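Peer 1: Dropping a prediction and its sequence here:
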2 protein chains.
Amino acid sequence: MKAKDMMDKDFIYAKADNSIKEISIKMEDAKRFTTPVLDKDMKLIGWVTSLDITKGLRDEKKIISEIMSPKEDVKYIHENDPSRLAVLETSKSRLISIPVLNNDDVVTGVIRSFEIVDTLSALYDVKVEKLYLAMVKQLKGVTWEELMEASAIIYRRTTGEEIKPEEYEKRIKNSTFGEAIWSTGGLERFFVGLIAVGELVIARRIGKVRK
Amino acid sequence: MKAKDMMDKDFIYAKADNSIKEISIKMEDAKRFTTPVLDKDMKLIGWVTSLDITKGLRDEKKIISEIMSPKEDVKYIHENDPSRLAVLETSKSRLISIPVLNNDDVVTGVIRSFEIVDTLSALYDVKVEKLYLAMVKQLKGVTWEELMEASAIIYRRTTGEEIKPEEYEKRIKNSTFGEAIWSTGGLERFFVGLIAVGELVIARRIGKVRK
């Protein structure tokens, strides 16, 4: 996934000679806490946050060029950079948005933190059931019922809470990978749980085969 | 993971009768675009963003109570809510931060979007090796070498590419969960591969035990 696939192409911007009042209204109306400052060719020349605006208004500054951060101080990425770079920059520099430039330094979009949150969350929306279906498909000879039984047993062992296989099945139908990770306390734990289930069904299957 | 595990306990706040100028300076100094408004008991009574401040300054309003959103319009979560609730709210309501309350409605922290980005991307950054270490810990009696051997075999079966266990070990040391998902073509496939490895080491272990 590239920066251009994640960015919002419909962004607000300011010009260096715009009045601070005018841009503050524009930002309020659009509910934007930041705006790139562009020249006549839409190239990035600066960056303004609503905190620059509050200071500017207090200090009775008049135009954007008086309060903007110059381009050299602005974090930005390019359209074809991996979107992962936007994630790293946002997290490292604690940004709420980052401008995206094309090869001519023209700003073509802005990536905001909630767009990153949306993208990262998408992974977590995979239904846990899908992972179990993949598991039962992989573990040939193991039935869905055996898998649910084993899962209920492992669940009881790890949480101490009694649960019927049918109830466990209901839960995984309704829960996502994300929820499972939060509730089990991390990826490794979640994964160890799956392995434990796999281990148990295999052991039980072998037990049956031996009889 | 709960909201209280993700929240920033070191947050700024305003009182209803604070002057807008004073709070705007406080927000600029702390680089915060939002602040909760609290009563004398630190209970949430409102919320102010730097956009409320810019409008307030333009309109020559004087104190915070004139510009804050009242509590009933503020999105908030509780300490013991699952932290994913913060993720969902942030994404749904496009927030950059959300206050966290204890059972007495006292604000004990604030979760900001980049803390969510940090948490979500941390998961992507989990080294695949960690999952294998968790696996070898779970599969008692299986050695790391046996696990790497099995992994190399499964890798060859699925990709057709020959790989030495040592080479496979190097790869998982250097690759993250995020990279592994992209390269295997999705979460399910990645897990199926791991389950296949688990299945194989268990089968081989049982084989040895039987001898």
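Peer 2: That came through, no problem. Numbering: from 1, shown residues only, chains lettered A, B, ... in the order given.
Peer 1: In chain A, what residue spans correspond to helices?
Peer 2: A:3-6, A:20-30, A:50-58, A:83-93, A:113-124, A:128-138, A:144-159, A:165-174, A:177-184, A:187-210 (DSSP state H).
Peer 1: any idea which of those helices is most buried?
Peer 2: Ranked by mean neighbour count, the helices of chain A are led by helix A:50-58 with a mean of 23 (mean count of other Cβ atoms under 10 Å in any protein chain shown). From N, CA and C alone the C-beta is placed, and that goes for glycine too.
Peer 1: domain parsing for chain A?
Peer 2: Here the domain parsing of chain A from automatic domain parsing is A:3-122, A:125-210.
Peer 1: Contact partners for the residue most central in space within chain A?
Peer 2: In chain A, the centroid-proximal residue (Cα atoms, centre = their mean) is residue A:120; its distance is 2.4 Å. Taking Cβ atoms under 8 Å, 6 or more residues apart in numbering or on different chains, we find residue A:120 in contact with A:87, B:117, B:120-121, B:124.
Peer 1: could the domains of chain A go into JSON lines alongside mean pLDDT?
Peer 2: Shown next, in JSON lines, are those (pLDDT from 0 to 100):
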{"stretch": "domain A:3-122", "mean pLDDT": "93"}
{"stretch": "domain A:125-210", "mean pLDDT": "87"}
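Peer 1: got the helices of chain A as JSON lines, with distance to residue B:34 columns?
Peer 2: Output for the helices of chain A, formatted as JSON lines (distance: least, Cβ to Cβ, whole Å):
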{"stretch": "helix A:3-6", "distance to residue B:34": "23"}
{"stretch": "helix A:20-30", "distance to residue B:34": "14"}
{"stretch": "helix A:50-58", "distance to residue B:34": "10"}
{"stretch": "helix A:83-93", "distance to residue B:34": "17"}
{"stretch": "helix A:113-124", "distance to residue B:34": "13"}
{"stretch": "helix A:128-138", "distance to residue B:34": "34"}
{"stretch": "helix A:144-159", "distance to residue B:34": "37"}
{"stretch": "helix A:165-174", "distance to residue B:34": "33"}
{"stretch": "helix A:177-184", "distance to residue B:34": "24"}
{"stretch": "helix A:187-210", "distance to residue B:34": "30"}
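Peer 1: So which of these is nearest residue B:53?
Peer 2: helix A:50-58 (5.0 Å; Cβ to Cβ).
Peer 1: Which neighbouring elements make contact with the closest one?
Peer 2: helix A:20-30, helix B:20-30, helix B:50-58 (3 or more Cβ pairs under 8 Å, 6 or more residues apart in numbering or on different chains; DSSP states H and E).
Peer 1: residues making contact with the last one?
Peer 2: Under the contact criterion Cβ under 8 Å, 6+ apart, helix B:50-58 has outside partners A:21, A:24-25, A:27-28, A:31, A:33, A:49-51, A:53-54, A:57-58, B:20-21, B:23-24, B:27, B:32-34, B:66-69.
Peer 1: Swap in 7 Å and give it another go.
Peer 2: Outside helix B:50-58, the residues that touch it by Cβ atoms under 7 Å, 6 or more residues apart in numbering or on different chains are A:21, A:24, A:27-28, A:31, A:33, A:50-51, A:53-54, A:57-58, B:20, B:24, B:27, B:33, B:66-68.
Peer 1: How about residue A:28: what's its closest non-neighbour residue?
Peer 2: Nearest residue to residue A:28, sequence neighbours excluded (Cβ to Cβ, 6 or more residues apart in numbering or on different chains): residue B:51, at 4.8 Å.
Peer 1: cool, residue A:68 as well?
Peer 2: Excluding its sequence neighbours, the residue lying closest to residue A:68 (Cβ to Cβ, 6+ apart) is residue A:46, at 3.5 Å.
Peer 1: how many neighbours does the one you found have?
Peer 2: Counted by other Cβ atoms under 10 Å in any protein chain shown, the residues lying close to residue A:46 total 22.
Peer 1: isn't it right next to residue A:67, touching?
Peer 2: No. Residue A:46 lies out of contact with residue A:67 (Cβ atoms under 7 Å); the separation is 9.1 Å.
Peer 1: hmm, who's touching stretch A:158-172?
Peer 2: Taking Cβ under 7 Å, 6+ apart as the rule, stretch A:158-172 contacts A:128-129, A:132, A:148-149, A:151-152, A:155-156, A:193.
Peer 1: hmm, try it at 6 Å
Peer 2: Around stretch A:158-172, the neighbours that count as contacts under Cβ atoms under 6 Å, 6 or more residues apart in numbering or on different chains are A:128-129, A:132, A:148-149, A:151-152, A:155-156.
Peer 1: next one: stretch A:138-155
Peer 2: Contacts of stretch A:138-155 (Cβ under 6 Å, 6+ apart): A:136, A:163, A:165, A:168-169, A:196-197, A:200-201, A:205, B:192, B:195-196.
Peer 1: so can I have TSV of the helices and strands packed on helix A:50-58 showing distance to residue A:181?
Peer 2: Below are these laid out as TSV (distance: least, Cβ to Cβ, whole Å):
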stretch	distance to residue A:181
helix A:20-30	35
helix B:20-30	31
helix B:50-58	33
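Peer 1: nearest to residue B:177, of these?
Peer 2: Here helix B:20-30 is closest among these (Cβ to Cβ), at 33.7 Å.
Peer 1: Next, the angle from the closest one to helix A:50-58.
Peer 2: Note on geometry: by axes from the mean of the first three to the mean of the last three Cα atoms, to 10 degrees, helix B:20-30 and helix A:50-58 are set 140 degrees apart in direction.
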